[in-house]
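Enquirer: Need the 3D shape of this:
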Amino acid sequence: MTRLDDHEIKRAREIAEAVERAFASKVVGQHALLRSLLVTLMARGHVLMESVPGLAKTLSASVLSSSVAASFSRVQCTPDLLPSDIIGTQVYDPRTATFSTRLGPVHAHFVLLDEINRSSAKTQSAMLEAMQERQTTIGGETHRLPDPFLVLATQNPIDEEGTYVLPQAQMDRFLLKEVLDHPTPLEEATMLRRVADGELRDTSVEPVASLDDVVFLQSVADRVHVDESVLRYIVEIVNVTRNPDAYLPADVARYVEHGVSPRGAIAFLQVARGMAVLAGRDHVLPEDVVAMRHQVLRHRLMLTFEAVAARVSPDVVVDAVFAAVPTP
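Expert: Presented below is the predicted three-dimensional model:
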């Protein structure tokens with residue numbers, strides 16, 4: 001693998017900074033979300049966003065796609081949504097007595113699945129092929145998805161009526177799970193001032209990068225050097241989640257039902273490389289692994305019923321896992 005040179009690192013950082021500025025021009029706060037979106041984009045992954053309504057999830061997705069001149073589509077998930085409503089279907093034309101394929105909204109660079117947990121399990125499963133294989137199958141014909149391709153799914157944690165729990169197989173396919181919080185009083189005051197001044201009537205932004213720049217960022221992230229000690233660090237972390245009784249305090253170990261799959265270890269590697277690019281480095285540090293530990297693990301750790309009943313946050317268990325593994 002060819003090592004990165006200083007010019008490539010500098011160009012990658014300039015692209016990221018341009019996108020960050022465009023994002024900040026329309027979205028107040030949400031710095032952690034922006035970091036997660038950029039890292040996910042560089043890692044060719046997908047992100048799950050959880051929050052109460054009104055925290056700029058849709059706006060963030062739209063602004064990010066506009067900033068890199070990407071196509072964007074939004075799907076409002078409902079219980080009666082069908083798989084064909086997402087991936088597309090074949091339409092019969094009586095004039096020619098033939099079928100033609102009409103591609104669904106998933107055939108875009110950025111796809112926002114709003115309130116994904118409101119769609120049925122059958123519809124959720126229709127996204128698995130798209131997220132993992134980067135393709136859809138309609139009428140026995142395979143259709144490749146655009147490149148780059150990023151799914152941004154949202155779910156509301158306070159509404160339970162009319163919702164369906166995402167299967168673990170689909171949860172595991174999200175590179176990160178970002179939990180959004182309310183803005184600070186200062187950020188909310190800034191937001192109100194922008195609304196009062198009419199600055200948010202137009203939420204579009206001029207592209208500050210291209211899709212080729214996104215592909216370049218991805219290629220740079222792929223070539224970030226990862227030392228053997230960091231790889232072992234990642235392996236030890238996921239191993240603790242699989243053997244909690246041997247490494248964690250008893251009062252924490254009893255909350256872990258199942259540990260992390262190998263896809264979680266790969267996620268740590270990809271995310272750490274993305275963090276290194278954002279920091280302007282050509283190599284990964286252990287701090288890059290630690291920085292997004294909650295986003296990588298919180299949706300992959302399966303907690304026991306006792307933990308759910310006691311409202312134990314997955315982040316608490318994640319912190320205990322990292323405390324049990326010495327940093328190299």
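
Enquirer: what about this structure, any weak spots by pLDDT?
Expert: Within the chain, the segments meeting pLDDT under 70 span 1, 158-164, 200.

Enquirer: sec struct for the closest residue to Ala18 other than its chain neighbours, please.
Expert: Leaving aside its chain neighbours, Ala18 sits nearest to Val208 (4.1 Å; criterion: C-beta to C-beta, 6 or more residues apart in numbering). Placement of C-beta: from N, CA and C, glycine included. Here Val208 takes the coil state, with states given by DSSP: H, G, I helix; E, B strand; the rest coil.

Enquirer: how about Val208, what does it touch?
Expert: By C-beta atoms under 8 Å, 6 or more residues apart in numbering, Val208 lies in contact with 18-19, 21-22, 67-68.

Enquirer: swap the cut-off to 6 Å and go again
Expert: Going by C-beta atoms under 6 Å, 6 or more residues apart in numbering, Val208 touches 18, 22, 67.

Enquirer: can you check Ala69 too?
Expert: With C-beta under 6 Å, 6+ apart, Ala69 has these contacts: 207, 210.

Enquirer: repeat for Phe23
Expert: Phe23 touches 34, 63, counting by C-beta under 6 Å, 6+ apart.

Enquirer: Relative to Leu150, how far out is it?
Expert: As for Phe23, its distance to Leu150 is 14 Å (criterion: C-beta to C-beta, to the nearest Å).

Enquirer: can you check Leu4 too?
Expert: For Leu4, the distance to Leu150 - C-beta to C-beta - is 23 Å.

Enquirer: rewinding a little: which among the contacts of Val208 gets closest to Leu128?
Expert: Ser67 (28.3 Å; C-beta to C-beta).

Enquirer: and the closest one, how many neighbours?
Expert: 22 (other C-beta atoms under 10 Å).

Enquirer: check contacts around the nearest residue to it once chain neighbours are set aside.
Expert: Excluding the flanking residues, the one nearest Ser67 by C-beta to C-beta, 6+ apart is Ala22, at 4.0 Å. Going by C-beta under 6 Å, 6+ apart, Ala22 touches 67, 205, 208.

Enquirer: Could you work out the end-to-end span of stretch 286-303 for me?
Expert: Distance between the two ends of stretch 286-303: 26 Å, counting by C-alpha to C-alpha, to the nearest Å.

Enquirer: hmm, back to that, which of Leu4 and Leu150 has more neighbours?
Expert: Leu150 (26 against 21).
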